[in-house]
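Trainee: based on what follows, work out the 3D shape:
(2 chains)
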Amino acid sequence: MTINLKLNGVEHSVDAEPGTPLLWVIRDELKLTGTKFGCGVASCGACTVHVDGEPARSCQTFIEDVEGAEITTIETIGDTPEGAAIQQAWKELDVVQCGYCQSGQIMSAVGLLQENPKPSVEEINDYMNGNACRCATYQRIRAGIQRASEILEA
Amino acid sequence: MTLKTSRRGFLKSAAAAGAVLMVGLRPDGALAAGSETAQLNPFVKINDQGRVVAIIKHFEKGQGPATGLSTLIAEEIGVTMDQIDYEFAPSNAELYANLFFGGFQGTGGSTAMANSFMQYRQAGAAARTVILEAAAQAWGVEAGSLDIVDGMVTGGGQSAPLGDFVAAAAQLEAPAEPVLKTPEQWRLIGNPQVRRLDSEIKGNGTAMYAMDVHLPNQMVVMLARPEQSGGLVASFDDSEAKSIKGFIRAATLPNNAAVAVYAENTWAAMQSRDALSVEWDLSAAETRDSTQIKDEILAALEGDAEYNVTKTEAGPMDQAAQVVEKTFYFPLLAHAPMEPLTCTIEANEDGGVTLHDGAQMPTGPHMALAQILQLPMDKVRINTMLAGGSFGRRATPNADYQVEAALAFAITDRTRPVKLVWSREDDVRGGMYRPAFGHKVKVGLSAEGEILAWEHRIAGQSIMKGTAFESMMVHDGIDHSSVEGVSDTPYTLPGFRVGLTDTQKATSTLWWRSVGHTHTGYAMEAMMDLVAKAAGRDPVEFRLAHLGDSADAKRKAAVLKLAAEKGNWGNAPAGRSQGIAVHKSFGSFVAEVVEISGNPDDGVQIEKVTCAVDCGIAVNPDVVKAQIEGGVGYGIGHVMRDEITLTGGVVDQSNFPDYEPLRIGDIGAIETHIIPSAEAPSGIGEPGTPPSAPALANAIANTGVIVANLPMINDGVEFA
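Mentor: Model prediction:
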């Protein structure tokens, strides 16, 4: 089937079977590899993208459900104020280690700041619970979100 | 791993002709005289724009060598961190061997900085020397009057970018023993303001991992493997797979270990594999339950030990006023790095191949590909890419996943690149686990609370036996990685005797972040607390009383005291419990105080972890802190609730929902204090892990539950 979607502001017409995860369309068809495959069952968050402005696990988002949707990935999230602030904070604090989960962490963190500009530690822990980091960079993720919040406030 | 140091003739510097200055070790080890024929594989190269590139011989899985080794080069040359780039070295064991791995190129055992510290500083210093000489000749001044600061050659009232002298410097003979900068001159080494060089690309999606390889016309291969390890393909039926869009073909690998499914893309490969029907020959497969494996290990702790490791006499246990005895069990564990295993092989125009891989030990896959594809070694190239974590999993002595890719590539016409992809399920169920181990520790105390005898029995599966590392790590039958952290403890323990018994391999095993210390650190430090309490003594004071005058004992005592001080030991806020542990591994010393709230019945919450570390010179202090934070999280994350279990040889777990990773809310703040040191750098990727779990166990013990049977949920501990 043919699906029309808008990825990072660009219209695409994609030929894919129903049931194909958005993740594989983004990675294998459209060749944007910043969005990562970690588990395939929406359990690690490495594949997080924004669908119409809301964070979604692209490995469990099926292509037939995003007809006409606007998809944003890590490659352009820096164009949003929250994305730019998170990326700046991530660099200042050297949040990353292996980095493989960090696209997903950042996409979720941006989602959090867009709905809650000044989250508490508990609110961060709740919101970010589905994004696993095997390097355990969690305390820097918390600090990075709080730093980004400051940057946005300034 | 503790590995023997076989230090080769050190850096010989050489300069190549042209506008690129390269300094490194030449294949014949001789000093090159700046001739056009010098074939160098350098540690550093500089172009005439003054851009410095550090060639990193260790792979980057997040532990920081790309930044660390670049820091050494930048420091010695005299450029800023903004003026240096890095690239990963090609696979060439002659040039880039790990000095601790006996001719093997690779990363592991927390050795990256330890074995590169002098090598990379010398390479940078040699480059500085020839640039200054070239500038001195151009300006007609003494080289000694010049210096390079922030990439500018300055002195004698003149100043010019270092790139201006690169062409001339390349014609000069580099010194065999370049003069290194002294610690007083360091501006980058030890500077906590230095940032990682890979932060930006890992934050904007442009970092390229092996999973991100998309070569023109590539096929994605996934393998249908047996559920029980050791099973072989009897037959398969791919008729249903043929209806899947993007399916290309299915074929049994030449070693019968799996059926390879070839597809146009990853999703098609996944679906095609699901549609495959395979009959397995399980006659040689593992069919045991993990409970049987556990029973075998616990039985091996009784009776006579296979090996008397310490060769010491037993202490007078029969004279003890009280005996403290505990048996500990450590289950199989998977590594589960965030990036599932993957690599890609493509044919080159010269008839050879290139492997694109987050290659942790390039020499292994290099040799394996040459053999399987029947190519000379120089026709196999390895493009080392960023790795999405490893924790030991990518360092396979048998190059397991690269061999799979090579076999899958070998049975094609080799015109299309083959990208092998593992799913998370393949990873969790795919073996290569931290082996299960048991410890039985019996300590006799005098009426005064002094140790009279410490009998320590260990049983489990050897990691090293049967691998290329056996000759280095196994002596007199004793696999050092089974007993490290016990038999070589810096504690002074009267009547200390260690016995080891190997048990049958239940499944394929592999080193897992901190190797033997994953269990030995726990057994030692949980036991120290039990013994201290039995003796009626404070756990910190009791440990210090058993740390004597050896250099190791003093360093261990120093981190213990610092962690106790910074962690406010003995003064936990109301409603909280503390536990402490200290352990030496990979040459470094780490002590940790874990503070928890709650209790095992209603739920334990890990509120705070205070760490003190002595890893010698901390080249990048912030990376050191990050590695301690990660090491703590990795250790604690697994002992809370993770284990791999088998039913009839089939792995019961399959993905993160049932092999639950540490989550952000599981652990509070981690604070790390670094002991200033002039000692050579030692390991940092692994040493944070061993003390974390016993420190947590000791905190939980203070609420009334002694956890000796891991993971902790198996001993009835609930987590909030």
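
Trainee: only C-alpha atoms from now on, for both contacts and neighbour counts.
Mentor: Noted.

Trainee: state the distance from A:Asn131 to chain B.
Mentor: According to C-alpha to the nearest C-alpha, to the nearest Å, A:Asn131 stands 8 Å off from chain B.

Trainee: which residues touch B:Leu407?
Mentor: The contact partners of B:Leu407, by C-alpha atoms under 8 Å, 6 or more residues apart in numbering or on different chains, come to B:Leu253, B:Pro254, B:Ile372.

Trainee: can you tell me the SS state at B:Thr107?
Mentor: coil (DSSP: H, G, I helix; E, B strand; the rest coil).

Trainee: identify the residue nearest B:Gln504 in space, chain neighbours excluded?
Mentor: Among residues not flanking B:Gln504 along the chain, B:Gln461 sits closest, at 6.2 Å (C-alpha to C-alpha, 6 or more residues apart in numbering or on different chains).

Trainee: how close does that neighbour get to chain A?
Mentor: Where chain A is concerned, B:Gln461 sits at a distance of 25 Å (C-alpha to the nearest C-alpha).

Trainee: break chain B into its domains for me.
Mentor: Following automatic domain parsing, one finds the domains of chain B at B:21-203, B:215-283+B:341-421, B:290-333+B:432-715.

Trainee: got TSV for the ones you listed, with mean pLDDT too?
Mentor: Output for the domains of chain B, formatted as TSV (pLDDT from 0 to 100):
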stretch	mean pLDDT
domain B:21-203	85
domain B:215-283+B:341-421	97
domain B:290-333+B:432-715	96
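
Trainee: want to throw those into JSON lines with distance to A:His50?
Mentor: Formatted as JSON lines, those follow (distance: least, C-alpha to C-alpha, whole Å):
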{"stretch": "domain B:21-203", "distance to A:His50": "16"}
{"stretch": "domain B:215-283+B:341-421", "distance to A:His50": "21"}
{"stretch": "domain B:290-333+B:432-715", "distance to A:His50": "21"}
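
Trainee: next, A:Gln139: secondary structure please.
Mentor: Using three-state DSSP, the structure places A:Gln139 in helix.

Trainee: need the three-state assignment for the residue nearest to it when sequence neighbours are not counted.
Mentor: Excluding the flanking residues, the one nearest A:Gln139 by C-alpha to C-alpha, 6+ apart is B:Ala669, at 6.2 Å. Secondary structure state of B:Ala669, per three-state DSSP, is strand.

Trainee: phi and psi next, for the residue nearest to B:Gln504.
Mentor: Main-chain dihedrals, B:Gln461, degrees, to the nearest 10: phi -90, psi 130.

Trainee: quick one: the strands in the stretch 1-150 of chain B?
Mentor: For the stretch 1-150 of chain B, strands defined by DSSP state E, counting those that start in this stretch occupy the ranges B:21-25, B:41-46, B:52-56, B:84-88, B:147-149.

Trainee: equivalent analysis for chain A, please.
Mentor: Here chain A has its strands, by DSSP state E, at A:2-7, A:10-15, A:48-51, A:54-57, A:70-72.

Trainee: how about residues contacting stretch B:625-638?
Mentor: Here stretch B:625-638 has contacts from A:97, A:134-137, B:63, B:333, B:518, B:611, B:661-662, B:667, B:670-673, B:684-693, B:696, B:711, using C-alpha under 8 Å, 6+ apart.

Trainee: what do you get if the cut-off is 7 Å, keeping everything else the same?
Mentor: The set of residues external to stretch B:625-638 that reach it, using C-alpha atoms under 7 Å, 6 or more residues apart in numbering or on different chains, is A:135-137, B:63, B:661-662, B:670, B:672, B:684-686, B:688-690, B:692-693.

Trainee: if you count neighbours, what's buried in the host helix or strand of B:Ala408?
Mentor: Secondary structure from DSSP states H and E places B:Ala408 in helix B:400-410. Under the neighbour-count criterion of 16 or more other C-alpha atoms under 10 Å in any protein chain shown, helix B:400-410 has B:Tyr401, B:Gln402, B:Val403, B:Glu404, B:Ala405, B:Ala406, B:Leu407, B:Ala408, B:Phe409, B:Ala410 buried.

Trainee: swap in stretch B:710-720?
Mentor: Residues of stretch B:710-720 classed as buried: B:Leu710, B:Pro711, B:Met712, B:Ile713, B:Asn714, B:Val717, B:Glu718, B:Phe719 (neighbour count, 16+ other C-alpha under 10 Å).

Trainee: what do you get for stretch B:294-309?
Mentor: B:Lys294, B:Glu296, B:Ile297, B:Leu298, B:Ala300, B:Leu301, B:Ala305, B:Glu306, B:Tyr307, B:Asn308, B:Val309.

Trainee: ok, how many other residues are close to the residue nearest to A:Gln139?
Mentor: 15 (other C-alpha atoms under 10 Å in any protein chain shown).
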